[in-house]
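*Asks:* missing the sequence, but the structure's below:
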Ligand code: GUN
Ligand code: ZN
């Protein structure tokens with residue numbers, strides 16, 4: 001049993017934020033040896049139950065749930081900041097050439113190690129990530145995540161057409177590789193597999209059909225792809241799949257929309273697309289820094305909420321510009337301001353934070369497992385220093401309520417705020 005005394009942030013089932021200025025968090029291993037939250041709440045009310053246990057005192061710090069990144073590309077760690085006119089030239093000129101390097105296991109291992117360090121340094125404790133089309137890239141990332149005890153979901157990218165030599169795969173082999181990787185990794189320790197067609201334009205109908213068949217055979221495996229990000233991409237998808245009602249409907253037509261299916265971007269949707277998301281249980285990975293960087297457009301929060309489909313936040317590195325959840329939450333705020341619905345929304349700091357923790361976990365089907373610090377949750381958390389920089393210290397000291405405190409962290413904060421990231425037994429960071 002480990003007991004912490006600190007300010008404590010967590011979320012109620014309805015998404016509202018719960019905050020104890022003087023809080024207690026108790027964690028202990030379950031029967032299987034996995035550390036879980038056993039108590040979380042006000043120190044005053046709980047501390048008598050934990051007398052006799054050593055207490056880690058964290059004065060001036062905030063314990064908060066580890067962040068959940070719903071969509072990121074580990075092989076694009078070095079692609080961040082590559083300029084292009086838009087998505088398709090960015091893929092052709094930077095991303096595809098770079099991803100060819102991951103055919104080499106040793107190269108993938110070295111990037112995977114850096115990538116996971118960078119996630120943890122930024123306070124991200126769960127990620128749904130793309131690998132490349134090379135099975136070795138999946139092995140490299142899973143092995144590294146397993147070594148850290150991290151909850152991580154990834155999969156081999158499927159792309160058997162309209163892709164250059166070096167990343168293009170072969171239809172039948174790609175599906176056999178996918179199934180072999182599911183059997184090797186899915187459900188091992190904290191790892192999960194995601195069937196990963198890159199996006200409809202780079203897969204043949206046969207490959208999408210095979211992916212859909214695997215998704216039906218392995219219902220608790222995730223599915224991840226991209227949709228409705230960029231207008232040129234949408235035009236291309238519509239040309240290639242004229243029989244489908246919309247770009248999103250292509251995925252539905254091949255059995256790739258269900259719970260645990262996560263579609264990045266979901267910008268240029270109509271209400272039928274939104275209803276299809278809602279009715280199938282598929283969810284959106286909203287990727288605001290990427291959408292702003294590549295000039296893709298703005299996720300329409302108001303319409304998503306009106307129709308009622310699930311979503312959460314994602315960095316989408318390397319289209320996205322930062323591993324930092326603080327940068328992503330701030331960009332989401334800007335995007336909410338724009339929206340397609342005028343006037344745009346003012347997303348509250350509590351909503352933004354929820355979208356990157358408990359809300360993202362729930363969209364992934366991992367509600368009550370990660371992204372929160374309610375009893376029963378796996379004990380992945382961050383220790384935040386709200387005075388990490390002179391400006392933050394000055395600003396957070398003046399906060400009169402939780403919203404002002406969280407907003408100061410979102411607007412001014414970055415990796416310097418994250419003093420420790422704690423995963424199960426393992427700790428990372430300068431304060432660890
Ligand atoms: N669509 C297809 N591939 C990609 C990718 O790697 N990044 C983004 N942002 N969109 C894509
Ligand atoms: Zn992406």
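*Replies:* Sure, I can see it. Computed from a prediction, not measured in an experiment: that's the story for all the values here. Numbering: from 1, shown residues only. Ligands and ions are numbered 1, 2, ... in the order given.
*Asks:* excluding chain neighbours, what is closest to residue 337?
*Replies:* Leaving out its chain neighbours, the residue that sits closest to residue 337 by CB to CB, 6 or more residues apart in numbering is residue 344, at 4.4 Å. No exception for glycine: its C-beta is placed from N, CA and C like everyone else's.
*Asks:* and that neighbour, how far from ligand 2?
*Replies:* Using CB to the ion, to the nearest Å, one obtains 24 Å as the distance from residue 344 to ligand 2.
*Asks:* OK, contacts around residue 194?
*Replies:* Residues in contact with residue 194 (CB atoms under 8 Å, 6 or more residues apart in numbering) are 128, 153-155, 221-224, 262.
*Asks:* cutoff 10 Å now
*Replies:* 128-131, 138, 153-156, 178, 182, 186, 221-225, 260-262, 364 (CB atoms under 10 Å, 6 or more residues apart in numbering).
*Asks:* where does it land on pLDDT?
*Replies:* Here, the pLDDT recorded for residue 194 equals 99.
*Asks:* quick check, it in a helix?
*Replies:* No - read with DSSP: H, G, I helix; E, B strand; the rest coil, residue 194 is strand and lies in no helix.
*Asks:* before we move on, what SS does the residue nearest to residue 280 when sequence neighbours are not counted have?
*Replies:* Nearest non-adjacent residue to residue 280, counting by CB to CB, 6+ apart: residue 257, 4.0 Å away. At residue 257 the chain is in coil, as set by three-state DSSP.
*Asks:* quick one on the thing from earlier: what's the local residue count around the residue nearest to residue 337?
*Replies:* 17 (other CB atoms under 10 Å).
*Asks:* tell me the strands beside the host helix or strand of residue 4, with direction?
*Replies:* Secondary structure from DSSP states H and E places residue 4 in strand 2-11. Strand 2-11 sits in its sheet next to strand 17-29 (antiparallel), strand 55-65 (parallel), going by DSSP bridges.
*Asks:* which of the residues in it are buried?
*Replies:* 2-11 (16 or more other CB atoms under 10 Å).
*Asks:* filter those residues down to the ones near ligand 2?
*Replies:* Among the buried residues of strand 2-11, not one lies near ligand 2 by CB under 5 Å from the ion.
*Asks:* of these, list those near ligand 1.
*Replies:* When CB under 6 Å from any ligand atom is applied, no member of these is adjacent to ligand 1.
*Asks:* mind putting the residues you listed in CSV, pLDDT included?
*Replies:* Below are the buried residues of strand 2-11 laid out as CSV (pLDDT from 0 to 100):
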residue, pLDDT
2, 95
3, 98
4, 98
5, 98
6, 98
7, 98
8, 98
9, 99
10, 98
11, 98
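*Asks:* would you mind measuring from residue 9 to ligand 1?
*Replies:* 30 Å (CB to the nearest ligand atom, to the nearest Å).
*Asks:* residues contacting the closest residue to that residue other than its chain neighbours?
*Replies:* The shortest distance from residue 9 to any residue other than its chain neighbours is 4.2 Å, reached at residue 64 (CB to CB, 6+ apart). Taking CB under 10 Å, 6+ apart, we find residue 64 in contact with 6-11, 17, 19, 123, 353, 357, 372-373, 381-384, 406, 409, 417-418.
*Asks:* measure residue 359 to ligand 2 for me?
*Replies:* 19 Å.
*Asks:* strands of the stretch 1-150 of the chain, residue ranges please.
*Replies:* Using DSSP state E, counting those that start in this stretch, the strands assigned to the stretch 1-150 of the chain run over residues 2-11, 17-29, 35-42, 55-65, 67-73, 124-130.
*Asks:* show me the contacts for the closest residue to ligand 1 within the stretch 301-432 of the chain.
*Replies:* Taking CB to the nearest ligand atom, ligand 1 has its nearest neighbour within the stretch 301-432 of the chain at residue 319, 3.4 Å off. Neighbouring residues of residue 319 by CB under 10 Å, 6+ apart: 71-73, 76, 79-80, 82, 84, 87, 90-91, 94-95, 226, 229, 264-265, 287, 289-291, 293-294, 296.
*Asks:* so what pairs up with the closest residue to residue 266 other than its chain neighbours in the strands?
*Replies:* Excluding the flanking residues, the one nearest residue 266 by CB to CB, 6+ apart is residue 284, at 3.9 Å. Beta-bridge partners for residue 284, by DSSP bridges, are residue 263, residue 311.
*Asks:* follow-up on the earlier one: need the strands paired with strand 2-11 in JSON lines (columns: mean pLDDT).
*Replies:* Output for those, formatted as JSON lines (pLDDT from 0 to 100):
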{"stretch": "strand 17-29", "mean pLDDT": "97"}
{"stretch": "strand 55-65", "mean pLDDT": "98"}
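*Asks:* okay, those strands in a markdown table with distance to residue 250 next?
*Replies:* Converted to a markdown table, those look like this (distance: least, CB to CB, whole Å):
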| stretch | distance to residue 250 |
| --- | --- |
| strand 17-29 | 38 |
| strand 55-65 | 35 |
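*Asks:* count the residues that sit near the residue of the stretch 301-432 of the chain found nearest ligand 2.
*Replies:* Nearest to ligand 2, among the residues of the stretch 301-432 of the chain, is residue 316, at 4.5 Å (CB to the ion). If you count neighbours by other CB under 10 Å, residue 316 ends up with 30.
*Asks:* try residue 59
*Replies:* There are 7 residues near residue 59, going by other CB under 10 Å.
*Asks:* once you drop chain neighbours, what's closest to it?
*Replies:* residue 6 (7.8 Å).
*Asks:* wait, that neighbour sits on residue 20?
*Replies:* Yes - using CB atoms under 10 Å, residue 6 makes contact with residue 20 at a distance of 8.9 Å.
*Asks:* what residues are shared contacts of the two?
*Replies:* With CB under 10 Å, 6+ apart, residue 6 and residue 20 have common neighbours 43, 62-63.
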